[in-house]
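In: sequence? don't have it. structure:
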């Protein structure tokens with residue numbers, strides 16, 4: 001079941017924040033724009049990257065990105081992982097730079113403050129807000145997310161760790177990605193975060209970057225697919241799960257239709273390919289039983305053939321396969337009568 005709780009804080013936050021304040025400059029597609037904002041603290045600015053495929057006729061996911069210790073404000077690695085497409089990326093600054101505590105109330109306030117102007121300026125999907133970061137940014141992500149959990153559709157902790165917020169079930173269904181280098185000194189902390197978020201009910205994806213230390217694989221297909229599965233293809237996995245329940249209830253036609261619709265979203269995305277495979281398996285099961293009906297008819301067992309077809313009509317109701325079986329029943333009857341004359 002999709003996690004709807006992430007909408008609540010976002011709605012309250014956006015309603016509470018007025019549109020007052022400095023107007024954002026033009027934010028062209030395919031470009032990274034520096035937004036001067038002394039009140040944000042640190043070096044006094046943040047970055048907004050608008051994907052190269054951005055158009056204003058639809059809404060877009062957005063990820064807030066925190067850099068590592070003493071690093072520069074950046075949209076890396078999320079912009080890179082997605083090839084500069086599909087997602088708005090906001091490179092955030094800390095209120096206090098250095099090794100001091102980040103993710104406190106001022107950093108939380110900054111996130112809540114910058115979002116409304118961005119939503120006003122760009123077509124942001126407020127139900128697809130993500131937060132993530134590397135190293136210090138990963139630890140900061142964990143702390144901010146813990147205070148604003150309902151705002152985020154997903155959390156990305158890279159080269160870092162931390163414990164999830166709240167008690168059992170507090171993160172139920174929340175999408176969490178944790179990535180860490182194979183020899184990273186923070187690997188144990190990352191593994192602890194994985195265990196913690198799982199205990200809290202989160203849906204965790206854990207990736208170890210083979211052969212890497214304290215670094216991120218900015219070409220990670222696992223991270224890319226995690227983003228896609230939780231943004232533009234977020235309906236595919238629930239569709240597959242729904243189809244499995246339909247199969248258990250012998251609603252094969254509805255399952256087939258659901259899978260076909262999910263598969264049609266992409267020829268290359270893994271979950272869509274899985275939906276296509278499952279749809280094909282149902283189609284093959286139909287064809288096998290349809291062939292049994294045809295064989296029964298050929299053996300002069302028309303009543304048995306008709307029975308098989310009626311079962312197919314019932315079980316595959318809701319898709320074109322059922323219509324094919326339904327059409328064949330009177331044809332068999334007519335053929336049998338013709339042969340008897």
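Out: Looks like it arrived, so ask away. These numbers come from a predicted model, not from an experiment.
In: now do the strands in the protein.
Out: 32-36, 45-49, 60-66, 88-92, 124-134, 154-158, 175-181, 203-209 (DSSP state E).
In: deepest in the core, which of these is it.
Out: strand 154-158 (a mean of 30; mean count of other C-beta atoms under 10 Å). Heads up, the C-betas are built off the backbone N, CA and C, glycines and all.
In: what angle do that strand and strand 124-134 make?
Out: 20 degrees (axes from the mean of the first three to the mean of the last three C-alpha atoms, to 10 degrees).
In: next, the angle from strand 154-158 to strand 175-181.
Out: 10 degrees.
In: list the helices and strands strand 154-158 packs on?
Out: Packed against strand 154-158 by the contact rule (3 or more C-beta pairs under 8 Å, 6 or more residues apart in numbering; DSSP states H and E) you find strand 124-134, helix 136-147, strand 175-181, helix 221-229.
In: for the last one, name the packing helices and strands.
Out: Meaning helix 221-229. Helix 221-229 packs on helix 78-81, strand 154-158, strand 175-181, strand 203-209, going by 3+ C-beta pairs under 8 Å, 6+ apart.
In: repeat for the second one
Out: Judged by 3+ C-beta pairs under 8 Å, 6+ apart, helix 136-147 is in contact with strand 60-66, helix 105-121, strand 124-134, strand 154-158.
In: what do you get if the cut-off is 10 Å, keeping everything else the same?
Out: strand 60-66, strand 88-92, helix 105-121, strand 124-134, strand 154-158, strand 175-181, helix 187-199 (3 or more C-beta pairs under 10 Å, 6 or more residues apart in numbering; DSSP states H and E).
In: need these in a markdown table with distance to residue 141 and mean pLDDT, can you?
Out: Output for the helices and strands packed on helix 136-147, formatted as a markdown table (distance: least, C-beta to C-beta, whole Å; pLDDT from 0 to 100):
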| stretch | distance to residue 141 | mean pLDDT |
| --- | --- | --- |
| strand 60-66 | 6 | 99 |
| strand 88-92 | 10 | 99 |
| helix 105-121 | 10 | 95 |
| strand 124-134 | 5 | 98 |
| strand 154-158 | 6 | 98 |
| strand 175-181 | 10 | 99 |
| helix 187-199 | 10 | 97 |
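In: between these, which one is nearest to residue 305?
Out: strand 175-181 (48.8 Å; C-beta to C-beta).
In: how many neighbours does residue 283 have?
Out: Residue crowding around residue 283 was assessed by other C-beta atoms under 10 Å; the count is 17.
In: wait, isn't it in contact with residue 263?
Out: No: Residue 283 is beyond contact range of residue 263, at 11.4 Å (criterion: C-beta atoms under 10 Å).
In: hang on, the earlier thing: now the strands of the chain in JSON lines, with distance to residue 299?
Out: Below are the strands of the chain laid out as JSON lines (distance: least, C-beta to C-beta, whole Å):
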{"stretch": "strand 32-36", "distance to residue 299": "71"}
{"stretch": "strand 45-49", "distance to residue 299": "67"}
{"stretch": "strand 60-66", "distance to residue 299": "58"}
{"stretch": "strand 88-92", "distance to residue 299": "64"}
{"stretch": "strand 124-134", "distance to residue 299": "57"}
{"stretch": "strand 154-158", "distance to residue 299": "57"}
{"stretch": "strand 175-181", "distance to residue 299": "54"}
{"stretch": "strand 203-209", "distance to residue 299": "51"}
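In: closest to residue 106 out of those?
Out: strand 88-92 (12.0 Å).
In: paired strands for the closest one, with orientation please.
Out: In the sheet, strand 88-92 lines up against strand 45-49 (antiparallel), strand 60-66 (parallel) (DSSP bridges).
In: and those strands as a markdown table, adding distance to residue 256?
Out: Below are the strands paired with strand 88-92 laid out as a markdown table (distance: least, C-beta to C-beta, whole Å):
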| stretch | distance to residue 256 |
| --- | --- |
| strand 45-49 | 40 |
| strand 60-66 | 30 |
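In: of all those, which one is nearest residue 300?
Out: Across the strands paired with strand 88-92 (criterion: C-beta to C-beta), the nearest stretch is strand 60-66, sitting at 60.9 Å.
In: quick one, the closest one and helix 105-121 angle?
Out: Using the same axes, to 10 degrees: strand 60-66 against helix 105-121 is 150 degrees.
In: which stretches of the protein have low pLDDT?
Out: Across the chain, the ranges flagged by pLDDT under 70 are 1-22, 99-102, 336, 338-341.
In: can you pull the domain assignment for it?
Out: Annotated domains of the chain cover 6-229, 236-340 [automatic domain parsing].
In: out of the helices and strands packed on strand 154-158, which is closest to residue 50?
Out: Nearest of the helices and strands packed on strand 154-158 (C-beta to C-beta): strand 124-134, 10.5 Å.
In: what strands line up against the closest one, and which way round?
Out: Strand pairing (DSSP bridges) places strand 124-134 next to strand 60-66 (parallel), strand 154-158 (parallel).
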